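**Student:** Turn this into a structure:
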Amino acid sequence: MSTSIKHAAEIQIVSRIDNNYKLKCTAYVIKQVTEILPVKKLNNENWLQLHGLPLADPTYNNPGKIDLLLGVNVYTDILMNGVIKGKPGSPLAQQTALGWIISGGAPVEEFGKNGKIVSMHLSVNLDNMLQRFWESETLETDNKNTLTPLEVRAEEIYVKTLARDHDGRFIVGLPFSSDTPILPEQSREIAMKRLHHLERKLAKNTKLKEDYDNVIKEYLTLKHMEPADKPRFDDESSAIEAHEQLQQVMSKCGFDLQKWSSNSPEFMNALQPEKREKSPTLDMNRKNCIKTLGIIWETDKDNLKVTQKQIDHKSIEPVTKRTILSQIASLFDPLGWLAPAIIIAKMFMQKLWLAKLNWDEDLPEDLRLEWTRYQEDLSVLSDIEIERWTGCSQNTNIELHGDTSYVY
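**Tutor:** Reported below is the predicted structural model:
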């Protein structure tokens, strides 16, 4: 069995024997560690040397899933001095900080002819993972093998079944994983049970019920949408006309555009109330602003800003290559406006590489201070405002020039 690793997590292991013993380590997330082990229940009645021991896994002789595989670096940390051996051919017990663990063999007749040998090997190259993290932000990407078989099948179903009914609405087949899908029996009964459970939950929480009702009412008026090029307008009358034309075209396909917003009162008054954005986001520091995917539009000034999660440079968390990489990955820049600032963080990461620091090694004082100054400077990003309109009309050539004589 082989698998690729896409996620990792910092975990803390607590001993079931000693609650004061805690061990932090990095866990790499995979879909399945191994098959069910042991393959059948083991008879441990004759293993007298194991009776009465506080085991790390009291149900070791029963078939079950393996939730966590400890590497040798963790194994050496939990080992203790105690070892108990039994008769030749029987397993031994090794004392650890997590409890006594069992190792060794079992009689062949316990497994029969269908016994399996399981070998596990985990190899993770964090440098390669980081390289792929940088490459994911480049303009050119390798499109080979980017889709899984199920994703390819879903796309094929879409291409083969896409059609329009007599009202112009689009119809597409459901992307089942096989040509003969096995649908759940009594699906109506299952759905009714879930509905009744939800009704009971909402009956106990009036605020949740009110919010839920508002969302459902909105869904009743909304249709599916498709991306459209954003038009440019010279005045409100042309914007209103374009809105009406766009609504007519999209309605023929069953799409009813909703949540219109503008900094023009004349345009907004020309719309039906139910078609308008309900209410702008209330911000005590801004009069009118609308947020979408991390972008803030200040309608009163017609400016755009990027919301940015502030990094707490006063945190007591140790400053290591691992924590810095996590902080860099959290910088949100959907349109690339903050690239001149974020590139500095990536260049700093290259410095750490040249310094050959380990992932969890504290930074030298000079590098730590340099990173702290960068964190403090990030606070000014929230003050950057970009004018939404460039002041140019259609068929206008624009040239952008940047000064790269000084970087960091």
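
**Student:** buried sites along stretch 173-191?
**Tutor:** Residues of stretch 173-191 classed as buried: none (neighbour count, 16 or more other C-beta atoms under 10 Å). From N, CA and C alone the C-beta is placed, and that goes for glycine too.

**Student:** mean confidence score for that stretch?
**Tutor:** For stretch 173-191, the mean per-residue pLDDT is 80.

**Student:** Show me how the record splits this protein into domains.
**Tutor:** 7-124, 149-182, 187-279, 304-387 (automatic domain parsing).

**Student:** Tell me, how many residues neighbour the closest residue to Leu37 other than its chain neighbours?
**Tutor:** In this structure, Leu37 finds its nearest non-sequential neighbour in Ile66, 6.0 Å apart by C-beta to C-beta, 6 or more residues apart in numbering. Ile66: 13 surrounding residues under other C-beta atoms under 10 Å.

**Student:** my guess is Ile66 meets Val33, correct?
**Tutor:** Yes - with contact defined as C-beta atoms under 8 Å, Ile66 and Val33 form a contacting pair (4.4 Å).

**Student:** Could you list the low-pLDDT ranges of the stretch 101-250 of the chain?
**Tutor:** 106-145, 221-234 (pLDDT under 70).

**Student:** Check what pLDDT the residue nearest to Leu37 gets.
**Tutor:** At Ile66, the model reports a pLDDT of 86.

**Student:** list the contacts for it?
**Tutor:** 33-34, 37 (C-beta atoms under 8 Å, 6 or more residues apart in numbering).

**Student:** Quick one: the helices in the chain, in order.
**Tutor:** Assigned by DSSP state H, the chain shows helices spanning 72-78, 126-135, 149-161, 187-204, 206-221, 236-252, 265-269, 321-329, 339-354, 365-377.

**Student:** Serialize those to JSON lines and add fields for distance to Leu23.
**Tutor:** Output for the helices of the chain, formatted as JSON lines (distance: least, C-beta to C-beta, whole Å):
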{"stretch": "helix 72-78", "distance to Leu23": "6"}
{"stretch": "helix 126-135", "distance to Leu23": "20"}
{"stretch": "helix 149-161", "distance to Leu23": "38"}
{"stretch": "helix 187-204", "distance to Leu23": "39"}
{"stretch": "helix 206-221", "distance to Leu23": "40"}
{"stretch": "helix 236-252", "distance to Leu23": "58"}
{"stretch": "helix 265-269", "distance to Leu23": "59"}
{"stretch": "helix 321-329", "distance to Leu23": "17"}
{"stretch": "helix 339-354", "distance to Leu23": "26"}
{"stretch": "helix 365-377", "distance to Leu23": "26"}
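
**Student:** what's the closest of those to Ile5?
**Tutor:** Set against Ile5 and scored by C-beta to C-beta, the helices of the chain come closest in helix 126-135, at 7.9 Å.

**Student:** just to revisit the earlier point, deepest of the helices of the chain, which one?
**Tutor:** With neighbours defined as mean count of other C-beta atoms under 10 Å, these peak in mean count at helix 321-329, which reaches a mean of 17.

**Student:** could you dump that helix to CSV, C-alpha only?
**Tutor:** Output of helix 321-329 as CSV, limited to C-alpha atoms (Å, rounded to 0.1, in the frame of the first residue of the first chain):
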residue,chain,number,x,y,z
LYS,A,321,11.1,27.7,10.8
ARG,A,322,7.9,25.7,11.2
THR,A,323,5.9,28.5,12.9
ILE,A,324,7.1,31.0,10.4
LEU,A,325,6.1,28.9,7.4
SER,A,326,2.6,28.5,9.0
GLN,A,327,2.3,32.3,9.4
ILE,A,328,3.4,32.9,5.8
ALA,A,329,0.8,30.4,4.6
